[in-house]
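Undergrad: Please work out how this folds:
(4 chains)
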2 protein chains.
Amino acid sequence: MPILSESRKKNRVTLLDVARYASVSRATASLVIRKSPLVSTETRAKVEAAMKELGYVYNMGAARLRADRSLTIGVVIPNLVNPFFTELLAGIDRIIDAAGMVVILVNSRDLVTRQETLLTRMREHGVDGIILCPAAETEMLLVERMVEWELPLVQVLRRVSDDCDYAGVDYALGMRQAVDHLADLGHRDIAFALHGPVHSAYQERVDGFRDAMDARGLDPGNIIRVPNHIAEIAEAAPLFVSGSRRSSAVVCFNDVVALGLSAGFYDIGMTVGRDFSLVGFDDVADAEAMRPRLTSVATFPEAIGEGAAKLLLDRLDKPDLAPRKLVNAPQLHIRQSSAFWQGGVGGRAQNAG
Amino acid sequence: MPILSESRKKNRVTLLDVARYASVSRATASLVIRKSPLVSTETRAKVEAAMKELGYVYNMGAARLRADRSLTIGVVIPNLVNPFFTELLAGIDRIIDAAGMVVILVNSRDLVTRQETLLTRMREHGVDGIILCPAAETEMLLVERMVEWELPLVQVLRRVSDDCDYAGVDYALGMRQAVDHLADLGHRDIAFALHGPVHSAYQERVDGFRDAMDARGLDPGNIIRVPNHIAEIAEAAPLFVSGSRRSSAVVCFNDVVALGLSAGFYDIGMTVGRDFSLVGFDDVADAEAMRPRLTSVATFPEAIGEGAAKLLLDRLDKPDLAPRKLVNAPQLHIRQSSAFWQGGVGGRAQNAG
DNA sequence: CAACCGAATTAGATCGATCTAAATTGTCGC
DNA sequence: GCGACAATTTAGATCGATCTAATTCGGTTG
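TA: Residues are numbered from 1 along each chain as shown, chains lettered A, B, ... in the order given. Alright, predicted model coming up:
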């Protein structure tokens, strides 16, 4: 257990020191810090001068104890390395920071047991609220327990309970945009490539794909799981263009899958955006940077992060607000990886040839 | 200013409640929590049962006030979206988490004034220590001031002062590996592509490139700045293969630059790894995922994060340790983007043709 | 049996702020 | 000149833990 140097605590300047130096009471000094309108301009100036003079540092810890407010919020993310979550985090940070609060960040690594521990830890640290992207297989119970604890909670991206705020994406709409785009280009054999742990967003994307295909009168049955690790996804590319069920286009669960498959098609000598069409999901920065540039459904993670943070701030203000949902509309970003159906190649080749 | 619901504070279970329930004193209950060996097994069991029974939640805030220790560390990162920093963060998180502490994360956006504010805020929050990747143009003074504050500090990746721990990379060695590799492949006209704000790591990379070129008897003068934003880097590719000073290979400041240039060469119809060689720096996940796969100097950001966190934990333990430096050796990861010099193409074309 | 010991327990002060309720000051109307 | 009133200021209790300096107690020991 780390111990702090003795000297640090010895010569710490407290509010009492400031008050004495400015010849006012501790209470008045406290009012000045909190920018209360109750103190006169004159006194305020005197105290502020004293604070500067003595090098006073506000002690949040003490304030928190008395006021039961920590200006701290917890953020639980299942995966730090995925750029999608990073952008989400950047959005959260922007809003929380602007509100003068700070973020305590933890990484659940998508493990429910770890998540449990972490939530307890946040509670012990006295966070004012939590933004949670629930680990896969999180039980509804967890969220309900937190509501019971009266710890303000916002679910983000993934949804476990309806009794609690949520900021996410209209995945169904996104899938419709992707499928409609490919269908409009003439594709009929459209596959879906997915991976990763199962959670509400996963389910909504899959269902969204199915519904969108149905709506266009296409067969939504060609759903293929690819490896979870990015470097191995490429190896799955042949699955889409060989065997009994060939496709001419694939909608990807996210951009990571799309990036991997794009590499995979390159490896087997197929040119994405000509021989085969690919649509990603999320539109992370790589979509624009890779070649061919990736057509992708933008989900604006940063905006979602901002939305989630705002929901939380609202709730801190009014704890009794009814649960709210913030469902962002995604937007298809057409680039080079999707092209008109060519016949001759892919699943329709036999019919067309 | 967010206010918490009244009820929350009303019915909170405190250590006193637990003590009463277990019919022991507050002090004893406190000892149990802190796993002191002073209490008898019997009493310990009694108290632990009471805690469970009453649903007691430890109040770090109160403990921190008295014990002057917060089990919290601050991490200041200049850019959340860069995957390199994310991996770094993951490494830090792993170690800090294992030590039972949590990370307060803030984003300086590479602005010194913001960084200033954030450091003050961390101090007010009573973090036990700070891991700082200094924003560009941070003055040495800042770090020295923090040492004076007796706030344990570890610099990471970028170095501003020698009076303070530092965890980073041997950039000079990395550049030597990159240059030697290309030189061994027969390249003589090797350019350097850089971008971004100027800081110690920037300088060390540039100097490293120059020295490495000198050591091989090559002219290190072809250093070109490319745009900062990833989507625009591609446009800079022609600069390397046209004009008076053509090159056959380029060493990149980091993988973001490499990724951008790789796209740029694709756009002008050149095949990286055949017509032109490219070596990245950092070896982020994309290096393996892109096509052609990127030869890159791995700097192991996650390991550096772990190293930095360990340095900090050590220092918390022994504040009077002399400043230490942890300089990781990078490692060249050869993939597809670098190939033998072809003559006929690139800078040497005229000589060879 | 008194003195002493170590192990276990505890009362009470304390950390540094905020909150409550009351005191102080100055101003105004009559 | 006095009470009413608003504007400031303040003393003292308080948040929930930890720390210090005892105290208790069963068991040895001389």
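
Undergrad: Show residues contacting the helix or strand hosting residue A:84.
TA: Element membership for residue A:84, per DSSP states H and E: helix A:83-98. Judged by CB atoms under 8 Å, 6 or more residues apart in numbering or on different chains, the contacts made with helix A:83-98 from elsewhere in the structure are A:73, A:75, A:77-80, A:102-103, A:105, A:131, A:133, A:156-157, A:254-255, A:282, A:284-286, A:299, A:301-310, A:313, B:80-81, B:83, B:86, B:105-107. C-beta: built from backbone N, CA, C; applies to glycine.

Undergrad: Can you name the element that comes right after that helix?
TA: Towards the C-terminus, the helix or strand next in line after helix A:83-98, according to DSSP H and E, is strand A:102-107.

Undergrad: How far off centre is that following strand?
TA: Taking CA atoms, centre = their mean, to the nearest Å, one finds the center of strand A:102-107 at 13 Å from the center of the full chain.

Undergrad: what comes into contact with it?
TA: Here strand A:102-107 has contacts from A:71-80, A:89, A:92-93, A:96-97, A:118, A:121-122, A:125, A:127, B:72, B:89-90, B:93, B:97, B:102-106, B:121-122, B:125, using CB under 8 Å, 6+ apart.

Undergrad: got the residues of chain A near DNA strand D?
TA: Contact residues (CB under 7 Å from any atom of the strand) of chain A with DNA strand D: A:23-28, A:31, A:38-40, A:42-43, A:62, A:65-66, A:68.

Undergrad: how about low-confidence regions in the stretch 251-353 of chain A?
TA: Scanning the stretch 251-353 of chain A with the threshold set as pLDDT under 70 gives A:344-353.

Undergrad: I'd like to know how far the closest residue to chain B within the stretch 251-353 of chain A sits from DNA strand C.
TA: In the stretch 251-353 of chain A, the residue that lies nearest chain B is residue A:316 (3.3 Å; CB to the nearest CB). Taking CB to the nearest atom of the strand, to the nearest Å as the measure, residue A:316 and DNA strand C are separated by 14 Å.

Undergrad: Pop the domain breakdown of chain A in here.
TA: A:12-58, A:72-169+A:301-328, A:171-300+A:333-352 (automatic domain parsing).

Undergrad: near DNA strand C, which residues of chain A?
TA: Taking CB under 7 Å from any atom of the strand, the part of chain A that reaches DNA strand C is made up of A:9, A:12, A:14-16, A:26-27, A:30, A:33-34, A:56-59, A:62-63, A:65-67.

Undergrad: neighbouring contacts of stretch A:302-321?
TA: Here stretch A:302-321 makes contact (CB under 8 Å, 6+ apart) with A:73, A:87-96, A:99, A:128-131, A:150, A:152, A:154, A:156-157, A:165, A:167-169, A:324, A:326, A:328, B:2-5.

Undergrad: Those residues, buried ones only, as a PyMOL selection?
TA: This is how PyMOL selects the buried members of the contacts of stretch A:302-321, with burial counted by 16 or more other CB atoms under 10 Å in any protein chain shown:
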select buried, (chain A and resi 73+87+88+89+90+91+92+93+94+95+96+99+128+129+130+131+152+154+156+157+165+167+168+169+326+328) or (chain B and resi 2+4)
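
Undergrad: Strands of the stretch 151-300 of chain A, start to end?
TA: Secondary structure of the stretch 151-300 of chain A (DSSP state E, counting those that start in this stretch): strands located at A:153-156, A:165-169, A:190-194, A:223-225, A:249-252, A:277-282, A:295-298.
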